[in-house]
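Undergrad: need a structure here:
(one chain, ligands or ions: 2)
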Amino acid sequence: MNPDILRERQNATFDIEKLTNILDGGAERTNRRREIREVLVLNDPDFDYGTPTSLPTMILKLREYGISDPVEINWYKSMYWGTGREALGLHYVMFLPTLYTQCDSEQFNKWVPLIIGTYAQTEMGHGTHLRGLETTATFDPATQEFVMHSPTVTSIKWWPGGRNPLFLPLIFLSIPLSASLFDLFLSGFALPTCSGIVIGDIGPKFGFDAVDNGYLKLEHVRIPRENMLMKYAQVKPDGSYVKPLSSKLTYGTMVFIRSLIVGNAGIVLSQCCTIAIRYSAVRHQSEIRAGEAEPQILDYQTQQHKLFPLLATAYAFLFAGQYMIDTYNRISGDINQGDLSEMPELHALSAGLKAFTTWTANTGIEVCRMSCGGHGYSRSSALPDIYVEFTPSCTYEGENTVMMLQTARFLMKSYRQVQAGQQLSGAVSYLNKVHHRVMAPQAVSSQLDLNLNTLVDLYEIRAAMLVELAAQSIQQESARGKCQEDSWNNSTIDLVRASDAHCHYMVLKMFRDKVDQIEDPGVHSVMSTLAHLYAIHGMGNFTGDFLQAGVLTGAQVPSVSKCLKGLLAEVRPSAVLLVDAFDHHDKMLNSVLGRHDGNVYEAMFEWARSSPLNRTEVHESFHKHLKPLQAKL
Ligand SMILES: CCCCC/C=C/C(=O)SCCNC(=O)CCNC(=O)[C@H](O)C(C)(C)COP(=O)(O)OP(=O)(O)OC[C@H]1O[C@@H](n2cnc3c(N)ncnc32)[C@H](O)[C@@H]1OP(=O)(O)O
Ligand SMILES: Cc1cc2nc3c(=O)[nH]c(=O)nc-3n(C[C@H](O)[C@H](O)[C@H](O)COP(=O)(O)OP(=O)(O)OC[C@H]3O[C@@H](n4cnc5c(N)ncnc54)[C@H](O)[C@@H]3O)c2cc1C
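TA: Ligands and ions are numbered 1, 2, ... in the order given. Here you go, the predicted model:
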């Protein structure tokens, strides 16, 4: 083991295993995760690490081992495929959940055990604006069929992931907005040459190469009436339409995956922090004091400033992900029972946190890559691949700006309710204080109060102020004679800013609440330091907001920076131990720089030597191109 990394692991001030257990949701979950990793994957003789041919093996193994819990499936898949994607991701996170939530019982029993599918909602002309989808589904009572049709070039279904040559069944969204199981295979359309079906691949993408994203054009294709997913809405044999309790129930799968994405952003950021911080512990470069040995780059304050706030953010997002999925499970359970009262709040929270966490993690991955210098740009670091696979999460499952505006819609509605004298509950209850002006700037002392609860309060006041400013912008636009829609559009910068601040406050509050639950003194101390770092770093990035909210004075601004530097120094001794607690296996990280043993250079040389370009002493291109050219010169 590299001596630097060995030294970093001495003198631990907290129990790493206990922190890993907290991240997993308990010691039993840690043990189960490791059992899946060590026994069911790494020590499985059939395991052929992450190669496409092993996809069928993985599916059969999941069935052989009886793994059906979504979290355990994710543990198995992430071990099997490492940081890469695999073609069936969409099947597990969108196709199956749609069948689980939108099929009636007869359809569920008929389809769920049998098929693998994809999710075809986006069209060439519309991905965000679902009410603008153009594909039509026209019911023909004479034949009890829907006639599916793509009337325009912009209505061609575009992007469905995992459209394999066998034509996966599709969850298909069409106008009137309803979901149907469009099963090319089971409906007898087994080949693209069938009349009415034009299908293909949309071509090379930025990344996401393990997933074949396709297109599908339909020309008056008929499918049985029974293929419409009829749990919430039905078309009866006589053609009468039974409306769902809410038209937004069809959007349920997107809310589910957005809720999952929050925790995934934390996982991806934790992977990148593991790689960058371990590498920074073994990389020596330049000098701090003339004539002394080159220091570990982790001892540079700028390197700590790049990585430690991201480390704190990774923990914050992992805890936010736990909160988000627990909230999703609770509210979707109520929805299943017909209680839709918290559906708007679930939508607003999942939409906002999905955007907030993916934007932050997306930027953070690049900071981690650049903090590793040239070796960060090598594929051996795994960082370029992680970035390429993660970055579309800012676009898919709800484009981030649009998601922030959905949250803003909920915040504005809540603000108007408070103005009308209503008492709010839930995540926006802090807006109650706006009405009673309790949000007035606190008499701030000359010293910054670093109590975590006080910091949460300051973020709450910042969010409330920005919500009020956005509402006032809309009111001012209306006062200038603008219609409601133009008043909204002319305030969308303020609205996104308010949603971002609301999400920032929510994430910090979740982090503080999680720290409060930690009983082990050592773990509580180090997590409290990270939560402080997350809060102070955000205050440094958005100082203007806190000044504008009257909760920070100009005289206090230097103390924010001073406090930040102190917290960086406080984290330094525990940095490697804190990424060890994420418990990412080398095989899954697949990163020369992030190895647990820190033996980067030897591994990098071996990795380079294995490059295809090094298979022969002289590359064949010399003999094929250069040598003949030399002969002519
Ligand atoms: C392994 C991972 C692989 C991932 C591969 C990627 C797959 C994909 O990307 S699948 C396709 C994903 N596509 C999307 O996410 C589409 C995004 N667009 C939408 O969700 C919607 O178009 C919208 C929410 C942006 C707008 O919907 P719309 O029907 O136009 O609603 P309005 O904006 O007019 O708002 C009306 C009203 O409805 C409420 N609402 C909207 N969505 C939901 C929801 N999901 N749940 C509950 N309520 C919802 C909205 O809040 C409004 O309420 P009020 O303000 O009370 O009127
Ligand atoms: C890797 C990948 C995989 C995908 N897989 C699938 C899949 O399996 N199935 C599927 O159905 N789809 C899939 N998609 C499509 C994805 O869901 C859409 O791309 C996404 O919903 C964004 O919609 P859009 O592409 O129409 O972008 P647009 O909405 O056209 O966004 C373009 C710009 O317009 C802005 N904009 C749009 N509306 C507003 C507004 N109201 N206010 C302010 N600004 C606005 C956006 O902020 C953005 O800056 C995938 C996409 C990617 C990248």
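
Undergrad: list the contacts for the most centrally placed residue in the chain?
TA: Geometric centre of the chain, nearest residue: Ile261, 3.0 Å, by CA atoms, centre = their mean. Contacts for Ile261 (CB atoms under 8 Å, 6 or more residues apart in numbering) come out as Lys354, Thr357, Thr358, Ser393, Glu397. Heads up, the C-betas are built off the backbone N, CA and C, glycines and all.

Undergrad: Need the three-state assignment for it.
TA: helix (DSSP: H, G, I helix; E, B strand; the rest coil).

Undergrad: so where do the strands sit in this protein?
TA: For the chain, the strands defined by DSSP state E occupy 118-120, 136-140, 145-149, 157-161, 170-174, 178-182, 197-201, 213-218, 221-224, 234-235, 241-242.

Undergrad: Return the member of those strands having the minimum mean pLDDT.
TA: Ranked by mean pLDDT, the strands of the chain end with strand 178-182 at the bottom, a mean of 62.

Undergrad: which residues are there in the stretch 401-550 of the chain that come within reach of ligand 2?
TA: Thr401, Val402, Leu405 (CB under 6 Å from any ligand atom).

Undergrad: For the last one, grab the count of nearby residues.
TA: Spelled out, it's Leu405. Leu405: 19 surrounding residues under other CB atoms under 10 Å.

Undergrad: residues contacting it?
TA: Thr492, Leu495, Val496, Ser499.

Undergrad: okay, those in JSON lines with pLDDT next?
TA: Conversion of the contacts of Leu405 to JSON lines gives the following (pLDDT from 0 to 100):
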{"residue": "Thr492", "pLDDT": "98"}
{"residue": "Leu495", "pLDDT": "98"}
{"residue": "Val496", "pLDDT": "98"}
{"residue": "Ser499", "pLDDT": "98"}
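
Undergrad: Which of those residues fall within helices?
TA: Among the contacts of Leu405, DSSP state H puts Thr492, Leu495, Val496, Ser499 in helices.

Undergrad: Which among the strands of the chain is found nearest to Gly364?
TA: Relative to Gly364, the nearest member of the strands of the chain by CB to CB is strand 157-161, separated by 24.7 Å.

Undergrad: Check which helices and strands that closest one is in contact with.
TA: For strand 157-161, the packing partners by 3 or more CB pairs under 8 Å, 6 or more residues apart in numbering; DSSP states H and E come out as helix 89-90, strand 118-120, strand 170-174, strand 213-218.

Undergrad: State the number of residues packed around the closest residue to Val579 other than its chain neighbours.
TA: Distances taken as CB to CB, 6 or more residues apart in numbering put Thr274 closest to Val579, at 4.2 Å, once the chain neighbours are dropped. When counting by other CB under 10 Å, one arrives at 27 neighbours for Thr274.

Undergrad: can you pull the contacts of Thr274?
TA: Val579, Phe582, His584, Leu589, Gly594 are the contacts of Thr274 under CB under 8 Å, 6+ apart.

Undergrad: Return the distance of the closest residue to the third one other than its chain neighbours relative to His596.
TA: Spelled out, that is His584. Excluding its sequence neighbours, the residue lying closest to His584 (CB to CB, 6+ apart) is Thr274, at 5.2 Å. Noted for Thr274: a distance of 9 Å to His596, by CB to CB, to the nearest Å.

Undergrad: need the residues of this protein near ligand 1, please.
TA: Along the chain, the residues adjacent to ligand 1 under the rule CB under 6 Å from any ligand atom are 89-90, 93, 119, 121-122, 127-131, 161, 248, 251, 254-255, 343-344, 347, 396-398, 402, 406, 409, 413.

Undergrad: Turn the buried ones among those into a named PyMOL selection, would you?
TA: To isolate the buried subset of those in PyMOL, counting by 16 or more other CB atoms under 10 Å, use the following:
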select buried, resi 89+90+93+119+121+122+127+130+161+248+251+254+255+343+344+347+396+397+398+406+409
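
Undergrad: Helices - which of the residues of the chain next to ligand 1 land there?
TA: In helices, judged by DSSP H, the following of the residues of the chain next to ligand 1 are found: Gly89, Leu90, Met254, Val255, Met343, Pro344, His347, Val402, Gln406, Arg409, Lys413.

Undergrad: which bits of this structure sit near ligand 2?
TA: With CB under 6 Å from any ligand atom as the criterion, the chain comes near ligand 2 at residues 90, 119-122, 126-128, 159-161, 208, 213, 392, 395-396, 399, 401-402, 405.

Undergrad: mind running it again at 8 Å?
TA: Within the chain, the positions near ligand 2 by CB under 8 Å from any ligand atom are 90, 94, 118-122, 125-129, 157-162, 173, 205-208, 211, 213, 392, 395-402, 405, 489, 492.

Undergrad: picking up where we left off before, possible to save the contacts of Thr274 as TSV with pLDDT?
TA: Shown next, in TSV, are the contacts of Thr274 (pLDDT from 0 to 100):
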residue	pLDDT
Val579	98
Phe582	98
His584	96
Leu589	94
Gly594	98
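
Undergrad: out of these, who's nearest ligand 2?
TA: Ranked by distance to ligand 2 (CB to the nearest ligand atom), those are led by Leu589 at 22.3 Å.

Undergrad: now the end-to-end length of stretch 478-487.
TA: Terminal residues of stretch 478-487 are spaced 6 Å apart (CA to CA, to the nearest Å).

Undergrad: Nearest to ligand 2: which residue in the stretch 501-633 of the chain?
TA: For the stretch 501-633 of the chain, CB to the nearest ligand atom, closest residue to ligand 2: Cys503, 16.5 Å.

Undergrad: who's in contact with that residue?
TA: Going by CB under 8 Å, 6+ apart, Cys503 touches Gly352, Leu353, Ala355, Phe356, Thr407.

Undergrad: Now for the first one, how many residues are close by?
TA: Using other CB under 10 Å, the number of residues around Gly352 comes to 28.

Undergrad: Was I right to think it contacts Thr407?
TA: Yes. Contact criterion CB atoms under 8 Å: Gly352 and Thr407 qualify, at 3.4 Å.

Undergrad: Find the least confident helix or strand in the protein, judged by mean pLDDT.
TA: Least confident helix or strand of the chain, by mean pLDDT, DSSP states H and E, is strand 178-182 with a mean of 62.
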